[in-house]
Each structure stands twice: as structure tokens, then as C-alpha cells.
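Undergrad: Kindly return the folded structure for what I paste below:
(2 chains)
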2 protein chains.
Amino acid sequence: MSAVRLGIAGLGTVAQGVLEILRDNGAVIAARLGREIVVSRIASRSAKPDVDLGGAQFSTNLSDLLSDDVDIVVELIGTEDTAKTLIEQALANGKPVVTANKAVIARHGNELLSNNGQTPLRFEAAVAGAIPIVQALGESLIANRIESIQGIINGTCNYILTAMQEEGTPFDQALATAQKLGYAEADPTFDIEGIDAAHKLTILLSLAFDHPFDFDALHVEGISRVTTEDIQYANELGYRIKHLGIARRTEAGIEARVHPALVAKSNLLGEVDGVLNAVQVAADAAGTTLFSGPGAGGAATASAVLADVGSIVSHMGEKPQVQAARGTNSQNVLPIDQVRCPHYLRIPTKDEAGVFARVAQALSGHGINIEAVIQKEPSTDVASIVLLTQPVLEQQIRAALDEVQQLPQVAGDIARIRVE
Amino acid sequence: MSAVRLGIAGLGTVAQGVLEILRDNGAVIAARLGREIVVSRIASRSAKPDVDLGGAQFSTNLSDLLSDDVDIVVELIGTEDTAKTLIEQALANGKPVVTANKAVIARHGNELLSNNGQTPLRFEAAVAGAIPIVQALGESLIANRIESIQGIINGTCNYILTAMQEEGTPFDQALATAQKLGYAEADPTFDIEGIDAAHKLTILLSLAFDHPFDFDALHVEGISRVTTEDIQYANELGYRIKHLGIARRTEAGIEARVHPALVAKSNLLGEVDGVLNAVQVAADAAGTTLFSGPGAGGAATASAVLADVGSIVSHMGEKPQVQAARGTNSQNVLPIDQVRCPHYLRIPTKDEAGVFARVAQALSGHGINIEAVIQKEPSTDVASIVLLTQPVLEQQIRAALDEVQQLPQVAGDIARIRVE
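TA: Next comes the predicted model:
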């Protein structure tokens, strides 16, 4: 059979990864698929770089990818609007699309995939790089009701938190190192404030719960307020601090939130360190499965892109698998105020007798029970009360902490981190 | 569209799991697939048990599953020959087959799948229960050359080794507990001697390296000789002892072996405890990914069975995806004598001066270098030399240990465990 021809938009590390894999493993892939995969066109708005294009035609005009010599469009450009337009045009032209663009799917997925009955649009590479979590949720777990998803889905955050934990490096310094090593951008906001993770969680939420893509409904916090002190206290309590994307089906509704969280060391997720990503899925039949691996990087992401290409090629000329249930779940995402979970609290206090009793009384007045406490001899004249609460509603703990923060015995800002 | 009708062979825990999932989640599955799945027939050679068959017709004659009111045959019987015959007949009748039977695929896969160009035969549930490793290797990693696979693929062994490690329970007692809890059979040979793991590794090897199914080429050892003493020493050296299935591409050839092995604690695989399974895959583009989850149990295995059913239904009436490269790799599996790896050795010795020097000399005479040593004050008049070697050929260490075992200073059987 004739070769399948890819038209690639963008020429960054992922696009270069695709070219390299096809150069190195093209024969193996062709043997497995029964068809050769070639790149016929590459379009990038910047000038042609010094990269071996393996015979592909280069253009600075993205719409050249809509030409007849392209069978599948591979969208690997960073910008959201341009990417969206290209995907729309390709699908309208009957060309299957593979994208690694989490922002486009998270923000425009409903619209773009409404066409999915006609032409495939696949996005395995948009979440957690080489980890096949889109396939796992969409196909392997198809017989399950998903109960929850907990994901370490931002490698930058996980690198920084791991460095803070293992070497006691303060946040700012760990971030600077991450930037030096290329694990964080010059402007790191997108990663460390949780937006990237929220894009990915939006996609996971939709796949897991047949929910529409609803980025704006998520509660999003980053890691910039996590301190090495908190990481140490968490450790003493038997926990790690991880930046998680969490989606959960509860009696009250669907939770969807991105924030730092304490994870028990006995949970495999707590052991996933460095730039690795991991997604843990609890499902009613399959039980709890965990998938970990490189969440970013040119080759790993390109591997996921080519998995999607392979899947499209395997069923080419057939109607695509319709995700008939996609977006049909009309249950709203719970506002964060309605989320109930245990909390870690670090309360800086004056070194006085009776402080703990006063704090405990204030919490108790808001119906908050204490599960565990660490009280340390103060190193300065500021002591710290560190405690874990029993599960409590967000609005309840906010109200309680507003009161505790005002106590004359409290000597600084209270740190609060949710516990998973 | 009309419902897809399953004919299930067998009525054990997995078959009952399929019935339960379809009863509980049938509507969700139908929404996702766009087609309802029903069980039209169940055949089991034993009499009809006291189970809610949900309207399916029961028969003690397996060939009733070949009737016109069955669209997909689901083979969930234990016996190898009967299962093989049924699968052959179903495929010959153009009926897609889903099986959870690792022995049948490991031993007869080449023959059964030679027909795969015509009618699908899927076996996700045959390896590691709910973990979608067959899909990961066959589809998600299609663009990769796999470098190695390391799997904890027998829950019974992992349960026993975890109990030995965490509670210091001796092997026999841990096995007895596993039997009491239903994690081990009355005759546990199949699990604890590694045969079950070897069936699964045969399948992983084939998927990872496009290799024919070649069960007899594997080197297989069980866990019955692992002692709590070894687990403790391994711990001191920074390792856990796990029962692994290992497949690896090396310059010398393909390794395929099942045996207890030391795994560094820093490796996530070392943290996978209890009845959980896990498979770690190192691939050239995707990097190292790990998949963990329940490796057995009715519901988890049934979830994998229904994933395969879903996959078949999604592409029904189309030609199945041909694994064109399957079995094309003609490279032989290396005989175990040609495998090179580091070793853990525990050598019981008399409590005399100069013993260590004598042992080290004997090893060195066979070109074996020592990487790490523990020497303990003897608690009785038997001391132990515990050491890790640098990587060494199997035949080399065998020859060396034959000599060391004969030394007058050696006071008991030498324990040897490979290091991953």
C-alpha cells in the first residue's frame, strides 16, 4: 500500500522528535502498521531552521498542510488560536488530525470534537507525554465508572517539589535550577501556577466522566507558596507534598481541582519524583491503576503523537470510533467551597502557654476536628503548630482560619495545604 | 443499532465479573460504544451454578457458543486444550474472540494468531489483569523500539515476598496465609514456581520484540528458595527482592527470564507491593514508563475482557488491525548461560580469620569483581559473607560458585539472586 503522508505544523522539539523517530524507527513502524509513514510537508511560521527534514517540503504557510499530498495533519504549534484554526480547517477538509496541544483541547475541545463522528481528532500527546492515559481512559477502562483521578501532570512542579524535598532547596532556588536545566520556561507562570496542569486535568475530567471540556470550572492553585518547612513537616506526618490534578465523583458532585496536596508515602504516587508524571485512576471494576513516565520532552511526546497516527492509520478509510457518550454528563463541577477534604495546617504562634488550646478551641467552634499534631520547641520566639484536620468543607475551614488568623497568639500567615 | 451479543465460555470469577459489570455499567458502556453489549449465551461444562445469568441461555456444550446468536466469543475457561479448540472453532466461524487465557496464548499464540488478518483474537486480560499493557505495547508504543520489560506479573509471588519483607514472615507461613486469603491455590506450584509469570512474559516478549510466542525458550525460576534473611540483606544494600519477568534486547541477543531479582529501592518497581502487578517498559522514544494495578481478581480481569470487547465492537465489520510485524523477529532467545548481570551472593562460612580473602580470591580467579560487601558478626558459629558482584555471565558465576561451594571454609549452601 502507498505510504501515509503526514503534514506537520510547527518545528519545535516535538516535531523534530517525530522526524527523528521516523528516521530511526520508520522501518519497524511500517512493518507493524503494514504501511509506511512519511512526512510530506512541514509548515512553520518561522523560517526554515537547520534541521534535517527528511525530504519533506517546507513552507511558512500553514494552509499548505491542507494540500492533497497530506493524509494526516499533525498540529504541534504552541499558539492556541492558530492551532485551533488549523485543526478546524483540516477536519473540514476531511483530514484526520493529531495534536499535542492541551490548551486547544481544554478550551475548544467541545467544538472541535463535535465533528468527531466524521474525521478523527486525537490528542494522546496533550496529556502526560508518553503515558498512554488518553487511551487508557477512552478505551482500556471503557467498562468502568471512574471514581477518581489523581495526577502528577506537570513535570516542572514535580521537579521543583522533589528538589525542595530531597535537598531542602528553597522554592526560588529550585525554580532557578529548573530553568537552568530547561525544565522550566523563562516565564514559568504557566507551569508553576498550575495552568498547564489545569489544561490537562480538563481533558482527563472529560474522558473520565464523559463530561464536556470545562476549563473555567476548575479550581487552580500553583506551588509558589509551598515551603521546605511544610515539606519537612509533611514528611514527619508520613506524607509527601505533590502538585496534583484531582478529579473525583462524589455524592455532592464532580470535583476538579489543581493544587499542592499531601500524599501518603505509602501511595505509589508519592514516590513519583523529578520530572516524571503519573496518573492514578480509581475505577469501579479495574480497581486502582497507576501510569507513570516522562510527561514531556521531544521524543516522549513524539512517541505519543505517532501512537495516535498509528491508530488512525490502522483504521483508515473506516469511520472513526465515535465517543458517543462524550460530553453527555451534565453534572456541574462542584465549586471549591463545596469540596470536602482533610487539611494540613501550619500556624505560626507566639511561644506562650495555652496557645494550642486556644487554636483548637477556635477550630472546634467551626466543627473542625484534629487528626494529628506536631508541636515543636521553637527555634526563635515563633513556635509552629502543625496539624492535620479530619475531612472538612472548604468554606468551613476558610471561615475557621479567618478567625484563627486574627487570634493575638498567632504570629504569622497560616499555611494550608489539602490532603489527598 | 442492534445489541452486540457475547457468548461466554466458563462461569468462574472472571465470567461472573463480566456479567456483573454489564449489569451495573451496561448503560454507560452502551452510551460510550454507541451499541449495547448483552450476553446471549453462557456455556460451562459444569452444571448451571447459582448465579444470575441476566437472561443468557445456559448450556453445558461449548459448541453452542458458535451459534448465530453469538457475535463475539469470550473464552474464560481454565483448561488449555478445550480453550484452544474453542478459539479455533470460533475464529474459523468468523467470530471474534476475547480470551483471558495466558497459557493458550503463550503456548499456541503463533498458530491461533496466524488467522488474525481475518478475525480478531484479543487477549488484554491474559497479562496483568486490569493493566492495559497489551494495548500499551501493541498500540501506544508502536513507534518505539522496546529496550526492556521488567514485570511483577504474579500477584501470589508479590504478596508472599511483601509479607516476608514487611513482617519477616518465613516463606512457608506467608504462602499459607496467601492460601487462606485466596491469593494462592491449594496447589501453588503454578504461581510460586514462576510458570504463570512465564506465560505472561512469553506474551510480553512477543508484543515488545515482534517475536514469536516461544514459551519453552524462557528461563524460569520461582520464589521458594528466597529467605527472609536474603530480603533483609538486600534491604541493607538498598534493594527489594521481587519476582520479575524480564525481557531485554542486548547486543548478544534477547533475554527472557523469570526469577527473583534485587530491584533498587529508588526504582518505582521496588515499591509495588502486595498482590499488585506492575510492568515497567523502557523504550527508545517514550523513555521508561510504568504501569501498575490489580493483576488478578474477577472484576479487574473482566474489565480488561470488556476493553477488548469494546475495541472489537468499535471497529466491527471492518477488517481488524493486522499486526503485520508479529512474530517476524527471528532472533533467538539467549540461553540463560549467556545472560550477564550483577549477582547477590550470601555465602555461609565458618567464623574464621581469612575466610573473606579466600572467597574473594576464588571469585577473582573466575574474573568476578565485587561491588559491595556486608560482613556481619556471626550470631552462631556460622558467619555470612553477603556481597554484590559486578555484571558477570551466568556460566561464569556458576563455575565460580561450584568452586566456592567446595571451599572448606564454606559452611552451607550459597544463595544467589540476580540483580536488575
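Undergrad: quick one, which residue of chain A lies the farthest from its center?
TA: Largest separation from the mean C-alpha position in chain A: residue A:353, at 44.6 Å (C-alpha atoms, centre = their mean).
Undergrad: From chain B, how far out is that one?
TA: Going from residue A:353 to chain B by C-beta to the nearest C-beta, to the nearest Å gives 42 Å. Every C-beta, even on glycine, is put in place using the N, C-alpha and C of the backbone.
Undergrad: got the residues of the stretch 201-350 of chain A near chain B?
TA: The interface of the stretch 201-350 of chain A toward chain B, taken as C-beta under 8 Å from any C-beta of the partner chain, is made up of A:210, A:268, A:271-272, A:283-294, A:297, A:299-300, A:302-304, A:306-307, A:309-311, A:314-315, A:318, A:321-325, A:328.
Undergrad: buried ones in the strand or helix carrying residue A:256?
TA: Counting by DSSP states H and E, the element that carries residue A:256 is strand A:254-264. By 16 or more other C-beta atoms under 10 Å in any protein chain shown, the buried positions in strand A:254-264 come out as A:254-263.
Undergrad: Please export the C-alpha coordinates of that strand as PDB.
TA: The C-alpha coordinates for strand A:254-264 follow below in PDB (Å, rounded to 0.1, in the frame of the first residue of the first chain):
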ATOM      1  CA  ILE A 254     -17.800  16.200  40.500                       C
ATOM      2  CA  GLU A 255     -14.600  17.700  42.000                       C
ATOM      3  CA  ALA A 256     -12.000  19.100  39.700                       C
ATOM      4  CA  ARG A 257      -9.100  20.900  41.200                       C
ATOM      5  CA  VAL A 258      -5.400  21.500  40.700                       C
ATOM      6  CA  HIS A 259      -3.300  22.300  43.800                       C
ATOM      7  CA  PRO A 260      -0.400  21.200  46.000                       C
ATOM      8  CA  ALA A 261      -1.600  18.200  48.200                       C
ATOM      9  CA  LEU A 262      -0.200  15.900  50.800                       C
ATOM     10  CA  VAL A 263       0.000  12.400  49.500                       C
ATOM     11  CA  ALA A 264       0.700   9.400  51.900                       C
END
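Undergrad: other SSEs contacting it?
TA: Applying 3 or more C-beta pairs under 8 Å, 6 or more residues apart in numbering or on different chains; DSSP states H and E, one finds that strand A:254-264 contacts helix A:195-209, strand A:219-220, strand A:239-249, strand A:415-419.
Undergrad: Next, the angle from the lowest-mean-pLDDT helix or strand in chain A to strand A:415-419.
TA: Lowest mean confidence among the helices and strands of chain A (mean pLDDT, DSSP states H and E): strand A:370-375, at a mean of 88. Relative orientation of strand A:370-375 versus strand A:415-419 (axes from the mean of the first three to the mean of the last three C-alpha atoms, to 10 degrees): 140 degrees.
Undergrad: Quick one: list the elements packing against strand A:370-375.
TA: Identification of packing neighbours for strand A:370-375 by 3+ C-beta pairs under 8 Å, 6+ apart yields helix A:355-365, strand A:382-389.
Undergrad: residues contacting residue A:11?
TA: Residue A:11 is in contact with A:42, A:44, A:46, A:49, A:51, counting by C-beta atoms under 8 Å, 6 or more residues apart in numbering or on different chains.
Undergrad: So the third one is in contact with residue A:58, correct?
TA: Pointing back at residue A:46 there. No: judged on C-beta atoms under 8 Å, residue A:46 makes no contact with residue A:58 at a distance of 10.9 Å.
Undergrad: Between the two, which is the more surrounded one?
TA: residue A:58 (15 against 9; other C-beta atoms under 10 Å in any protein chain shown).
Undergrad: any idea how far residue A:176 is from that one?
TA: 37 Å (C-beta to C-beta, to the nearest Å).
Undergrad: One more: residue A:136?
TA: For residue A:136, the distance to residue A:176 equals 35 Å [C-beta to C-beta].
Undergrad: who has more neighbours, those two?
TA: Neighbour count, other C-beta under 10 Å: between residue A:136 and residue A:176, residue A:136 has more, with 26 against 15.
Undergrad: Would you list the phi and psi of that one?
TA: phi -60, psi -50 (degrees, to the nearest 10).
Undergrad: Name all residues that make contact with residue A:121.
TA: Taking C-beta under 8 Å, 6+ apart as the definition, contacts of residue A:121 comprise A:87, A:91, A:96-99, A:112-113, A:115.
Undergrad: Which one of the residues you listed is nearest to residue B:221?
TA: The nearest member of those to residue B:221, counting by C-beta to C-beta, is residue A:98 at 43.5 Å.
Undergrad: you'd agree that closest one is in a strand?
TA: Yes: the assignment for residue A:98 (DSSP: H, G, I helix; E, B strand; the rest coil) places it in a strand.
Undergrad: My understanding was that it contacts residue A:72; is that so?
TA: Yes: the pair residue A:98 / residue A:72 is scored as a contact, 6.4 Å apart, by C-beta under 8 Å.
Undergrad: For burial, what's the neighbour tally of the residue lying closest to residue A:348 once chain neighbours are set aside?
TA: Using C-beta to C-beta, 6 or more residues apart in numbering or on different chains and skipping the chain neighbours, the partner closest in space to residue A:348 is residue A:412 (3.5 Å). A count of nearby residues for residue A:412, using other C-beta under 10 Å, gives 13.
Undergrad: Looks to me like residue A:412 is in a helix.
TA: No: assigned with three-state DSSP, residue A:412 falls outside any helix and is coil.
Undergrad: So it sits against residue A:381, correct?
TA: No: with contact defined as C-beta under 8 Å, residue A:412 and residue A:381 do not form a contacting pair (11.5 Å).
Undergrad: List the buried residues of the least confident helix or strand of chain A.
TA: Within strand A:370-375, the residues that count as buried by 16+ other C-beta under 10 Å are residue A:370.
Undergrad: which residues sit against it?
TA: A:233, A:236-237, A:342, A:356, A:360, A:363, A:383-390.
Undergrad: partner residues bridging residue A:387?
TA: residue A:345, residue A:373 (DSSP bridges).
Undergrad: my bad, should have said residue A:280
TA: In this entry, residue A:280 is beta-bridged to residue A:150, residue A:290, by DSSP bridges.
Undergrad: Just give the number of residues close to it.
TA: Neighbour count of residue A:280, defined by other C-beta under 10 Å: 24.
Undergrad: Then residue A:38?
TA: 18.
Undergrad: Also residue A:356?
TA: 18.
Undergrad: Let me see the contact set for the nearest residue to it once chain neighbours are set aside.
TA: Spatial nearest neighbour of residue A:356, chain neighbours left out: residue A:385 (5.8 Å); criterion: C-beta to C-beta, 6+ apart. When contacts are counted by C-beta under 8 Å, 6+ apart, residue A:385 touches A:345-347, A:349, A:355-356, A:359, A:373-375.
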